[in-house]
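Peer 1: Pasting the sequence and the predicted model now:
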Amino acid sequence: MYEQTLYKVIEPIKPQVIKRLNRYKKWEYGYNKEHDVIVISKTGKIGEVYKIQNLRIALPAVEDAYKRSDKKLEQYWEVFPHRPELKKIKTIFDWKAYPETFKQNLHDYIDNEFKRREEGFWFYNKGVATYLTGTHYMYLQWSKIDVGRADFREANRLFFIFWEACKADTRCYGMCYLKNRRSGFSFMASGETVNLATISSDARFGVLSKSGADAKKMFTDKIVPISVNYPFFFKPIQDGMDRPKTELAYRVPASRFTRKKMDTNEQIKEIIGLDTTIDWKNTGDNSYDGEKLALLVHDEAGKWEKPENILNNWRVTKTTLRLGSKIIGKCMMGSTSNALDKGGRNYKKLYYDSDVTKRNRNGQTSSGLYSLFIPMEWNYEGYIDTYGYPVFDTPKQEVEGIDGQKIEIGVIEHWENEVDGLKNDPDALNELYRQFPRTEKHAFRDETKQSIFNLTKIYEQIDYNEDLKYSGVITQGNFQWEGGIKDTSVQFFPSKQGRFFVSWVPDVHQQNRYIVKHGKKYPANEHMGAFGCDSYDISGTVDGRGSKGSLHGLTKFTMDGPPNLFFLEYIARPQTADMFFEDVLMALYFYGMPLLAENNKPRLLYYLKRRGYRGYSMNRPDKTMYKLSVAEKEVGGIPNSSEDVKQAHAAAIESYIESFVGYNNEQYGSMYFQRTLEDWAAFDINNRTKFDASISSGLAIMACNKNKYRPVAEVIKEKVNLNFSRYDNKGTKSKIIIND
């Protein structure tokens, strides 16, 4: 049975604290530092706290929730009928012409709509009090889309709650939304653009997309129609054409059309214009450079292809949303992802730079945005029931969908059937994953033709591992010398901040084993497995980044443990290089296995020798001892730079993937390290510097199969001259024949 993990209700604040502050309406809209929650309530009261993608959001307290019916099964969202007498009133000028008795009948209705727009709306949905933000209410009740009125979907409700938190949080520049196709983002973003623009003065709202033509289409086909169909009391007077092509300009503020203002006798000429515009720009790195924006909509941000670059554009447009350190505007960014080389890689970086759990000392993410991913099963057309919830699992009895059609199977089964049908077409399968992803990994799938390895097998393993992520297959932690005394024995301690990820440790009697030969220590478990390492020599770099140190452990075909298993992954860059070297040494010592490392960066190897562990550093397996250089004899290692070594290294990974990764007839492989699998998927043999995990894992495979690379001694066969004599047997005596 499907278990939703998109959000959960948490209790980070004591109930008595909520009750006390609710009594005096003390909860302020925005980020509450004391309780580390973002309050999106505008009533001074809060209720439940949602945790959506690690963002803690305090909703308003339930008040005056609307019931469509007293029967639970008849409670769901439906658009409220629009007052027919308002159809002919297009502007405030038309309103002024009507008699006061007519207006009095509409005052409460109009005031109530403004309240819902500002504070949001509660309604009962199948017996559950359900909150819509004001923006979401405006989208459902007043925004016209291509099919008429938008359906209520639980996925969109959570999207708008998350977006409201982004608006409320003064540390945040907006959202980076990783979506599935046909999820309604373009219409929701268009609805929010019109909603904000019609209550903002002296403001500019901008639209960008993967091309100028796409931005224009969003403007003319979505934003303008939504604006045109707003009721007069929400819609300011508009300059220029009714349906403009490039810019939508408002003059008269809708925020003035409250009951109080409509009861006054002020003259139309006294109404001050908004001076607010909505426009779009052609796609480019410098689009909107130098502007000041209240809202920037970034549609299809994951599809910017060269020479355009979404990362470069965001660096520019980010400055349009702030004045100094003060954030004055927000960005609503959303997209599916193209293949990595077609814009997807830049969007992937931007998305992961928006992780709310990774903040700088100013409390901001690296990008300034907050990332949100909603899996496809939450928002897939044809599988949403009357109450706006997905039918995840195949129902025992058919369910009526929100579109009136019957739903006979669950969306998960439907998606799996699609996947099974494309097993023999890897590129089509990966395109399906990108368009309708169930995980973030699916969303950033690459094209198979871009990889030298079998991406189908790699992605099969990644998907399988995703289902295992909560089963405790991998333990995170650190190695430490017992009692802090070096060269004694090493112990492994689980820790969420650990740099090591392990899936297997040997039995206690096999740990910390070594032998002494000629006064030197050698690993005693070489028959069980080996390590590969991609090291670095310099602790710091100018930009503060630099490549990471990478270490992988792999077992051989052995009876003393699981065969051909990658049991350890380490991809980190501690504060100093010596800390990294000591981490590597402790892992080698604990497992009692040797190491094959690159000697192009030899500090690690000299560190091992200096500590008395030269015997743990393997010599390059492709040369005999007498052909090693002086340095290679001294510290070991292999120069992973020659073309022969590069090809052997890539072939080693390729062979391992074909044999032990993905689905192999009866079962899946036991390669559980996602970062390494993803590194293999993106590996470029002509530009290997970025692929630390691939380098070290490939060296581990070579170390475990060193016999394959052992040079065969050249045998020179000399001709043997047997020198048989020949005789002439004519006559009575034979005579020897002498050759000239």
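Peer 2: Nice, I can see it. Residues are numbered from 1 along each chain as shown.
Peer 1: Would you mind measuring from the residue nearest the centre of the chain to residue 334?
Peer 2: For the chain, the residue nearest the mean C-alpha position is residue 440 (4.7 Å; CA atoms, centre = their mean). To residue 334, residue 440 is 14 Å away according to CB to CB, to the nearest Å. C-beta: built from backbone N, CA, C; applies to glycine.
Peer 1: cool, and residue 395?
Peer 2: 31 Å.
Peer 1: repeat for residue 636
Peer 2: Taking CB to CB, one finds residue 636 at 52 Å from residue 334.
Peer 1: Ok, residue 214 next?
Peer 2: Residue 214 is 13 Å from residue 334, by CB to CB.
Peer 1: Name the residue in those two with the higher neighbour count.
Peer 2: residue 334 (24 against 18; other CB atoms under 10 Å).
Peer 1: so which strand or helix has that one?
Peer 2: strand 330-335 (DSSP states H and E).
Peer 1: Next: residue 137.
Peer 2: Going by DSSP H and E, residue 137 is in helix 134-142.
Peer 1: which other residues reach that helix?
Peer 2: Applying CB atoms under 8 Å, 6 or more residues apart in numbering, the external contacts of helix 134-142 come out as 77, 79-80, 113, 116-121, 132, 149-150, 152, 156-157, 160-161, 163-164, 187-188, 191-192, 195, 229-231, 234.
Peer 1: Filter the residues you listed down to the buried ones.
Peer 2: 77, 80, 113, 116-117, 119-121, 132, 150, 152, 156-157, 160-161, 163-164, 187-188, 191-192, 195, 230-231, 234 (16 or more other CB atoms under 10 Å).
Peer 1: quick one: contacts for the nearest residue to residue 46 once chain neighbours are set aside?
Peer 2: Closest residue in space to residue 46, ignoring its immediate chain neighbours: residue 58 at 4.2 Å, by CB to CB, 6 or more residues apart in numbering. Neighbouring residues of residue 58 by CB under 8 Å, 6+ apart: 13, 27, 32, 37, 38, 39, 40, 41, 46, 47, 48, 49.
Peer 1: before we move on, what about residue 481?
Peer 2: Counting by CB under 8 Å, 6+ apart, residue 481 has contacts 487, 488, 489, 490, 491, 586.
Peer 1: Which residues outside stretch 647-658 are in contact with it?
Peer 2: So stretch 647-658 is contacted by 452-454, 457-458, 564, 622, 640, 680, 683, 685, 694-695, 697-699, 701-702, 705, 709 (CB under 8 Å, 6+ apart).
Peer 1: Ok, stretch 340-359 next?
Peer 2: 53-55, 171, 175-176, 178, 210, 301-306, 308-311, 314, 333, 335, 337-338, 365-371, 373, 434, 440, 444, 446-447, 450, 682.
Peer 1: quick one: low-confidence parts of the stretch 601-740 of the chain?
Peer 2: 712-725, 738-740 (pLDDT under 70).
Peer 1: just the strands in it please.
Peer 2: 663-664, 667-668, 726-728, 735-737 (DSSP state E, counting those that start in this stretch).
Peer 1: and of those, who's closest to residue 361?
Peer 2: strand 667-668 (42.6 Å; CB to CB).
Peer 1: Can you give the contact residues for that closest one?
Peer 2: By CB under 8 Å, 6+ apart, strand 667-668 touches 460, 461, 464, 662.
Peer 1: hmm, 10 Å instead?
Peer 2: The contact list for strand 667-668 (CB atoms under 10 Å, 6 or more residues apart in numbering) reads 457, 460, 461, 463, 464, 465, 467, 468, 660, 661, 662.
Peer 1: So which of these wins on neighbours?
Peer 2: Neighbour max across these (other CB under 10 Å) = residue 661, 26 neighbours.
Peer 1: what's the spacing between it and residue 605?
Peer 2: 30 Å.
Peer 1: And the pLDDT for the closest residue in space to residue 175 that isn't next to it in sequence?
Peer 2: Nearest residue to residue 175, sequence neighbours excluded (CB to CB, 6+ apart): residue 166, at 4.8 Å. Listed pLDDT for residue 166 reads 97.
Peer 1: shift numbering so it begins at 573
Peer 2: Sounds good: first residue 573 from here, last item residue 738.
Peer 1: Tell me, how many residues neighbour residue 738?
Peer 2: Neighbours of residue 738 using other CB under 10 Å come to 24.
Peer 1: Also residue 1300?
Peer 2: 10.
Peer 1: Please name the residues that touch the closest residue to it other than its chain neighbours.
Peer 2: Of all residues not flanking residue 1300 in the chain, residue 1307 sits nearest, at 4.8 Å (CB to CB, 6+ apart). Shown in contact with residue 1307 (CB under 10 Å, 6+ apart): 1299, 1300, 1301.
Peer 1: Out of these, flag the one nearest to residue 1151.
Peer 2: residue 1299 (85.0 Å).
Peer 1: can you pull up the bridge partners for that closest one?
Peer 2: residue 1308 (DSSP bridges).
Peer 1: From residue 1262, how far off is it?
Peer 2: With CB to CB as the criterion, residue 1299 and residue 1262 are 78 Å apart.
Peer 1: So which of the two has more stuff around it?
Peer 2: residue 1262 (13 against 10).
Peer 1: neighbours around the nearest residue to the more buried one once chain neighbours are set aside, how many?
Peer 2: The shortest distance from residue 1262 to any non-neighbouring residue, by CB to CB, 6+ apart, is to residue 1119 (7.4 Å). By the measure other CB under 10 Å, the count of residues near residue 1119 is 17.
Peer 1: check contacts around residue 1119.
Peer 2: 1106, 1107, 1108, 1113, 1143, 1145, 1173, 1261, 1262, 1263, 1264, 1267.
Peer 1: give me that answer again for 8 Å
Peer 2: Per CB under 8 Å, 6+ apart, neighbours of residue 1119: 1106, 1108, 1145, 1261, 1262, 1264.
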